[in-house]
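> here's a sequence, model it:
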Amino acid sequence: MQNGNFWWHSKPAEAEGWPLYRALKWIGKLGYQNVIFESDCKMVVDNFASNSSWVTDLHVILSKCIPLFSNLSNCK
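All right, here's what the predicted structure looks like:
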């Protein structure tokens, strides 16, 4: 465990999901608007955009991202 993060046993998509979560928290705290988020991880992008059932570790991470993203203004 490093700084309270569980990245050392993560699958690649989960390892991409945690930085998205942290970025959303950071952007929200800073009060930025009109932010465009990009990722090169198709699995994260597809699962974030879908309304699939949330059963994997990646889905748990993304479920934490959805409310943070929803609170931001004019973000993509």
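> can you give me the helices for this protein?
Here the chain has its helices, by DSSP state H, at 12-30, 42-49, 57-70.
> okay, those in TSV with distance to I36 next?
For every residue, glycine as well, the C-beta is placed using N, CA and C. Formatted as TSV, the helices of the chain follow (distance: least, CB to CB, whole Å):
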stretch	distance to I36
helix 12-30	11
helix 42-49	13
helix 57-70	12
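> residue ranges in this protein under the pLDDT threshold?
1-10, 51-55 (pLDDT under 70).
> mind running it again at 80?
1-12, 49-57, 73-76 (pLDDT under 80).
> hmm, back to that, now the helices of the chain as JSON lines including mean neighbour count?
Output for these, formatted as JSON lines (neighbours: other CB atoms under 10 Å):
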{"stretch": "helix 12-30", "mean neighbour count": "16"}
{"stretch": "helix 42-49", "mean neighbour count": "15"}
{"stretch": "helix 57-70", "mean neighbour count": "16"}
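> ok now do the closest residue in space to L62 that isn't next to it in sequence, which residues does it touch?
Using CB to CB, 6 or more residues apart in numbering and skipping the chain neighbours, the partner closest in space to L62 is F48 (5.3 Å). F48 makes contact with L20, L62, C65, I66, according to CB atoms under 8 Å, 6 or more residues apart in numbering.
> list the contacts of the second one.
Counting by CB under 8 Å, 6+ apart, L62 touches G17, L20, V44, N47, F48, W54.
> with distance to I27 added, can I get those residues in JSON lines?
As requested, these are exported to JSON lines (distance: CB to CB, whole Å):
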{"residue": "G17", "distance to I27": "16"}
{"residue": "L20", "distance to I27": "10"}
{"residue": "V44", "distance to I27": "16"}
{"residue": "N47", "distance to I27": "20"}
{"residue": "F48", "distance to I27": "15"}
{"residue": "W54", "distance to I27": "22"}
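> and H59, how close does it get to Q33?
From H59 over to Q33 the distance is 27 Å, taken as CB to CB, to the nearest Å.
> kind regards, and thank you for your time.
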